[in-house]
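A.B. asks: got a sequence here, can you model it:
(2 chains)
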Amino acid sequence: MNNILEVKDLRKAFGRHEVLKGLSLSCAPGEVVGILGRNGTGKTTLFNVMLDLVAADCGGVEIMGLSPDGSGKLRGLIGYVPEKPAFHPFMSVREVLEFRAKFFPLWNMGKAEELCKKLELDLSAKTGRLSKGGIAKLAWIAAVAHNPALLLLDEPTSGLDYLVRDHILSGLISELAEGGKSIIVSNHRMGEMGGILDRVCLLKDGVIKADYTADFVKTEAFRVSARLEGGLPEAGPGVSSLGGSGPLAELAVLGRANLERLKADPRFSEAEISPLELDAAFKVMLGEREAL
Amino acid sequence: MINLIKLNFRKSRLSFAVLLLAVLASVPLSLALKANAMAAAEAINLAMVYWALVGIPLSALALSAIAGADAASGDTRSVEQPLPVSQGWLLSASAGVALLEVGALVLAVYAVMGFTLPFETLNFAQKHAYRLYVFSAAFLTIYGFAVSYAFRNAVAGAALAAAAVLTVVYPVLMMSVLQSITFELISLTGLKLAVAGLALAGAAGALKLLSGVYARHEKNAAVKITAAALLLASPVLASLAGLSLVNHRARQVTGPVPAYRFSPSGGMEGGEFMLVQKPFTGEVLVADTDGNNAVLDRGGDAGRIKFGYLLPSPTFTRAQVLRVSGGTWIIFSKYGNDHKLFSGSLKEGFVQRAEMNSRWDCELVGGEKPGIVVSHSGGYFYALLQEGKKELKWEKLPALKTPEELRAFVVRKEAGAAGLARFEGKTLVYKNKSWPVPGALGTKFPAEGLKLADGLNFIVPAKTGTYLCRPDGKAKMLWPHYFRLGQNFYVTTEGTAWGTTISHSRITETGLTGRRSYDFDEPIFYILTRKGTELSGVQIRSALKKAGATDGTTSLLRAEGGTLWFNIEDRYLARVNAANTNEFALWKLPASAWRGKHALFSTNVSASSRGIFMAAVDGIYFMDWKGKLKKLV
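C.D. replies: Numbering: from 1, shown residues only, chains lettered A, B, ... in the order given. The predicted structure follows:
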């Protein structure tokens, strides 16, 4: 089956600073892909290029058979939730939805109103007076009301309080993912998305450095606790230190093969091995834990 | 697009509403504040004129600059850019709404004035300003938007746009004014269209490039920003280049020097040279058929006339040339400048002999003893024109009291050898001869003689037509039309007398582009050659048709051996077989300057024995009777 999104060798520089350096990425229909990367690694730039908001320097993007051409047509096929959504402050929620309806042929006003009700968003409220959470809810509704096959979510829960995040995570995203939508999401708290992700792509140095399946993250990320005399051992790739005190060491190991290699060391014969929590696993992937 | 226009109108509706209300509120306000003597309509019109000249340009700047800066702002971009429309549509809608709002304000002001201008008449400059108004308002709006978008700042954008628009519109206005008050110097229409096109398309092109850089972060930003800056500057540069070109061309323009008052043939009787002026520099020069020339007055900064860089304006010189044995006398005066009297020749050079107050009326008088007569508040004075460097010796002419008496004096003097006849009732009397002319329309002025091969003839207009009084004492009716020598009957350089009547008709033709109708004024020539041959009712329709001449101002230049030469509207020299006028040759003349645009100048062509001089837009030319053209100066 053809991918719904295909990005090949994408490059983008701002002045002399090259942000994307030949990035390639794909997304199959119904797939939920997480883009994991530290601040400034180019996640938003990647999203903007895919949305045809920013022109690529070279490389190809194809989404449902269309390529970015500056016309904006591509955005009609995509549901987009930006990191910092914004609306005309003089419009009410209903006016925003009605205004957007005119640009999207498949817009479903009934669905939009239903979502407003579900998310407790007042249709008559001026957007200029909405809270951050209210704006985020509206952004979500505006992104899904035209029933797009592909959603791009750029830090969709950034800055939201727990309740709103819960609304969105346990409600919308899960529902969309279960409804067969393709989703590409970037999130600093990728752990909270863990349940719905099919893949996690690590964006580093302008390219996708690693591509992990959700199963791998869930089943092949381990926490290893051991009492070691004489310091930490020399270990290969996929092993990171999670800290520890005195002779007690805690390590994160990605990949069963790496774990087996580690266990071959007699000092780990008594080690306690448990699955690594998602957040910790993603941090290890990001390199926030020092590799051994 | 409609949705975007609605959105942008909603964004700017408050500022637009305030401006529209201010226009409307000006009506009661002007009535409340008007002086008692002022009519209500006058007070309202005054307020609306103020709006048109000051309020609307400022409103256009404000609306467009705010819209442009808003379109460039991060807030607007983050809201509108994610919509599934191109950046071009977003900007077009925003600029379009500013344009519509300015248009609505213009319309409101025009409507309050009753869709008519509150002026009985407009001078030429006002007419052109009026014609340029809509363009200027549109340009101001689009440019204000573009520059504000470029600088992402409404104040800077508005200020720069105001400066740029002034820089563009002023030269265009000057070019238009020049074109109407003087002539078609160059193809100003094309130039103005180019400026207008660059003004509107340049701003649009710059917006497209800048939006690519600002909003889409396209690569080669420096190149695109430079290109956008050039596009924004292009109308200014084109306009200034146009003004510069007009300046350059204006300096080249030549024209004949129209005559002082009385002389029948303009006092510029054909000869082997032509007196020419360059009205934009004030230069006056004489050129002969071989290209030799002598500058009598350099004009320019050396004189009192300064060249106008921003608005080159012509200052016309009038003159009189008198040929006498031993040389030529030339007197000329630039508007507002003293008369200068020169004598000499191209071979020996010309020397200034006298300078007379500009307020005096001066006239060279031919005859046996050539002289100069002047009139001023002290009376009429006369001086002999003497060879050498002798000063003029003025003697008062106490017998002359009126201009008519001066005219008679000049004619008597000039008639000299040609003879001067008088009327006794309906009888023309010359020396011991008399010609009874039935229904003669005599005047109090004497009748000037016309030297033909058989001697001195007189042309006498009568009720039934024009009579020729021959040296044999007989008077015969020449033609059943009114002709009077010096008024509507002229003498060519080689001595042929001629006049015309005009046949008016409406022509309808079917061509490649369909049917077209036009008025055709066809001159019908009545010619009396110096050998006494009468040619009656000569029509040269074929030549006129081919030349596209329709205004009836074709003139006879020469008649020789059964061949006639005509000046067709200063555009063609035509040689026509008098016996069969369908046999002809046409030679195109250089573009001339102000024919038909100024009452002083009926023609730019001056005939000599060898051919014609042509004062053209880029210098002086000479074309011989076989159509060979050369540039003299």
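A.B. asks: domain-wise, how is chain B divided?
C.D. replies: Per the record, chain B has its domains at B:2-252, B:253-401, B:419-482, by automatic domain parsing.
A.B. asks: for the stretch 1-150 of chain B, which residues are neighbours of chain A?
C.D. replies: B:3, B:7, B:10-11, B:75, B:78-79, B:81-89 (CB under 8 Å from any CB of the partner chain). Quick note: C-beta positions are derived from backbone N, CA and C, even for glycine.
A.B. asks: kindly recompute the last result at 10 Å.
C.D. replies: B:2-4, B:6-7, B:10-11, B:13-14, B:74-90 (CB under 10 Å from any CB of the partner chain).
A.B. asks: export the domains of chain B to CSV and append columns for mean pLDDT.
C.D. replies: CSV is the format used below for the domains of chain B (pLDDT from 0 to 100):
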stretch, mean pLDDT
domain B:2-252, 87
domain B:253-401, 81
domain B:419-482, 85
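A.B. asks: format these as a markdown table; extra columns: mean neighbour count and distance to B:Arg610.
C.D. replies: As requested, the domains of chain B are exported to a markdown table (neighbours: other CB atoms under 10 Å in any protein chain shown; distance: least, CB to CB, whole Å):
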| stretch | mean neighbour count | distance to B:Arg610 |
| --- | --- | --- |
| domain B:2-252 | 19 | 25 |
| domain B:253-401 | 18 | 5 |
| domain B:419-482 | 17 | 21 |
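A.B. asks: follow-up on the earlier one: return the subset of the residues of the stretch 1-150 of chain B next to chain A lying in strands.
C.D. replies: Here DSSP state E is the test, and these give no hits in strands at all.
A.B. asks: picking that back up, ok, which of the domains of chain B comes nearest B:Arg571?
C.D. replies: Nearest to B:Arg571 among the domains of chain B is domain B:2-252 (12.6 Å), distances taken as CB to CB.
A.B. asks: surely A:Leu97 and A:Ala142 touch.
C.D. replies: Yes - counting by CB atoms under 10 Å, A:Ala142 is a contact partner of A:Leu97 at 7.0 Å.
A.B. asks: who has more neighbours, these two?
C.D. replies: A:Ala142 (25 against 22; other CB atoms under 10 Å in any protein chain shown).
A.B. asks: just the pLDDT at that one, thanks.
C.D. replies: If you check A:Ala142, the pLDDT there is 92.
A.B. asks: give me the distance between it and A:Ile184.
C.D. replies: 18 Å (CB to CB, to the nearest Å).
A.B. asks: please apply the same query to B:Ala591.
C.D. replies: 69 Å.
A.B. asks: neighbour count: these two, which is higher?
C.D. replies: For B:Ala591 versus A:Ile184, neighbours defined as other CB under 10 Å are more numerous around A:Ile184 (26 against 17).
A.B. asks: that's a helix at the more buried one, yeah?
C.D. replies: No - read with DSSP: H, G, I helix; E, B strand; the rest coil, A:Ile184 is strand and lies in no helix.
A.B. asks: OK, now which residue of the stretch 101-250 of chain A is nearest to chain B?
C.D. replies: Here the stretch 101-250 of chain A gets closest to chain B at one residue, A:Lys102, 4.6 Å apart by CB to the nearest CB.
A.B. asks: so what's that residue closest to, chain neighbours aside?
C.D. replies: Spatially, and ignoring its direct neighbours in sequence, A:Lys102 is nearest to B:Asn3 (4.6 Å; CB to CB, 6 or more residues apart in numbering or on different chains).
A.B. asks: thinking the one you found is in contact with B:Glu80, fair?
C.D. replies: No - in this structure, B:Asn3 is not within contact of B:Glu80 by CB under 10 Å, at 11.1 Å.
A.B. asks: quick check: neighbours shared by these two?
C.D. replies: B:Ala93 (CB atoms under 10 Å, 6 or more residues apart in numbering or on different chains).
A.B. asks: picking up where we left off before, residues near the residue of the stretch 101-250 of chain A closest to chain B, how many?
C.D. replies: 14.
A.B. asks: check contacts around it.
C.D. replies: Counting by CB under 10 Å, 6+ apart, A:Lys102 touches B:2-4, B:6-7, B:83.
A.B. asks: out of those, which are inside helices?
C.D. replies: If you go by DSSP state H, those have B:2-4, B:6-7 in helices.
A.B. asks: how far out from the middle of the chain is the helix or strand B:Leu140 falls within?
C.D. replies: Taking DSSP states H and E as the criterion, B:Leu140 maps to helix B:124-151. In terms of CA atoms, centre = their mean, to the nearest Å, the centre of helix B:124-151 is set 27 Å apart from its chain centre.
A.B. asks: next: stretch B:200-208.
C.D. replies: Using CA atoms, centre = their mean, the mean C-alpha position of stretch B:200-208 is found 35 Å from that of the whole chain.
A.B. asks: count of residues packed around the residue nearest to A:Asn3 when sequence neighbours are not counted?
C.D. replies: Using CB to CB, 6+ apart and skipping residues adjacent in sequence, the residue nearest A:Asn3 is A:Ser26, 4.5 Å away. As a burial measure, A:Ser26 scores 18 neighbours (other CB under 10 Å).
A.B. asks: for B:Ser211, what is the enclosing helix or strand?
C.D. replies: Judged by DSSP H and E, B:Ser211 forms part of helix B:188-214.
A.B. asks: what packs against that helix?
C.D. replies: helix B:56-72, helix B:74-80, helix B:87-112, helix B:124-151, helix B:154-181, helix B:221-252 (3 or more CB pairs under 10 Å, 6 or more residues apart in numbering or on different chains; DSSP states H and E).
A.B. asks: for B:Phe350, give its distance to B:Asp288.
C.D. replies: B:Phe350 sits 12 Å away from B:Asp288, taking CB to CB as the criterion.
A.B. asks: which residues do those two both contact?
C.D. replies: In contact with both B:Phe350 and B:Asp288: B:Ala294, using CB under 10 Å, 6+ apart.
A.B. asks: quick one, phi/psi of the residue of the stretch 451-600 of chain B found nearest chain A?
C.D. replies: Distance from chain A to each residue of the stretch 451-600 of chain B (CB to the nearest CB) is smallest for B:Thr513, at 40.6 Å. For B:Thr513, the backbone dihedrals are phi -100, psi 10 (criterion: degrees, to the nearest 10).
A.B. asks: and the strands in the stretch 51-200 of chain A?
C.D. replies: Applying DSSP state E, counting those that start in this stretch to the stretch 51-200 of chain A gives strands spanning A:58-63, A:78-81, A:150-154, A:182-186, A:199-204.
A.B. asks: what about the first one, near chain B?
C.D. replies: Yes - contact check for strand A:58-63 against chain B, using CB under 10 Å from any CB: residues in range are A:Cys58.
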